[in-house]
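A.B. asks: quick check, what structure comes out for this input:
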Amino acid sequence: ELGELMCPGDRYYKLNIRPFLALGNAFKPTIEFRQHSSTYNRLKIRNWIRFCMSFVHNSAKLGPQGPVWAEVDDGELFEMMMMYVVKDRYLRDYYRRRRVKFLDEKKSCCDACAVGDGCAAHVLK
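C.D. replies: Next up, the predicted model:
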């Protein structure tokens with residue numbers, strides 16, 4: 001589920017975890033970090049580097065988490081990744097704001113937002 005959320009359809013995304021999640025002979029213990037989009041924005045650059053470093057450091061330090069058995073939406077998977085893997089409140093809030101900005105441009109990100117109730121991605125804690 002996380003693989004499909006992070007890289008829907010193919011491997012050409014900023015963070016490709018598909019080889020790590022593959023089964024059988026296709027499994028490779030690798031995660032590919034792709035180049036950030038071209039920018040002069042120091043905040044975007046700094047936060048992407050911070051995200052990558054936190055993701056790798058915490059993944060190596062903490063070991064694997066249990067699988068997600070319940071049906072969860074993209075917003076909940078995002079929150080789980082930020083809480084259990086990245087573990088950086090500043091980055092969580094930064095990427096929540098970015099996610100909300102882009103989702104607002106699409107009008108709704110989930111069923112709850114479509115009916116005006118909002119979801120976890122739209123609530124800053």
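
A.B. asks: ok but residue 40 is inside a helix, no?
C.D. replies: No - going by DSSP: H, G, I helix; E, B strand; the rest coil, the assignment for residue 40 is coil, not a helix.

A.B. asks: and it, how many neighbours?
C.D. replies: A count of nearby residues for residue 40, using other Cβ atoms under 10 Å, gives 6. Using the backbone N, CA and C atoms, a C-beta is placed for each residue, glycine as well.

A.B. asks: what about it, distance to residue 95?
C.D. replies: From residue 40 across to residue 95, the span is 20 Å (Cβ to Cβ, to the nearest Å).

A.B. asks: and if you look at residue 61?
C.D. replies: Distance, residue 61 to residue 95, using Cβ to Cβ: 21 Å.

A.B. asks: the two: who's more crowded?
C.D. replies: Taking other Cβ under 10 Å, residue 61 and residue 95 do not tie; residue 95 has more neighbours (18 against 8).

A.B. asks: now that one: which helix or strand?
C.D. replies: helix 89-106 (DSSP states H and E).

A.B. asks: grab the nearest non-local neighbour of residue 39.
C.D. replies: Using Cβ to Cβ, 6 or more residues apart in numbering and skipping residues adjacent in sequence, the residue nearest residue 39 is residue 45, 6.5 Å away.

A.B. asks: which SSE is the one you found in?
C.D. replies: Residue 45 is part of helix 42-62 when elements are defined by DSSP H and E.

A.B. asks: angle of that helix against helix 89-106?
C.D. replies: Following axes from the mean of the first three to the mean of the last three Cα atoms, to 10 degrees, one obtains 120 degrees for the angle between helix 42-62 and helix 89-106.

A.B. asks: just checking, residue 44 touches residue 51?
C.D. replies: No - in this structure, residue 44 is not within contact of residue 51 by Cβ atoms under 8 Å, at 10.5 Å.

A.B. asks: of those two, give the one with the bigger neighbour count.
C.D. replies: A count of neighbours by other Cβ under 10 Å puts residue 51 above the other of residue 44 and residue 51, at 20 against 14.

A.B. asks: quick check: closest non-adjacent residue to that one.
C.D. replies: Excluding its sequence neighbours, the residue lying closest to residue 51 (Cβ to Cβ, 6+ apart) is residue 91, at 5.6 Å.
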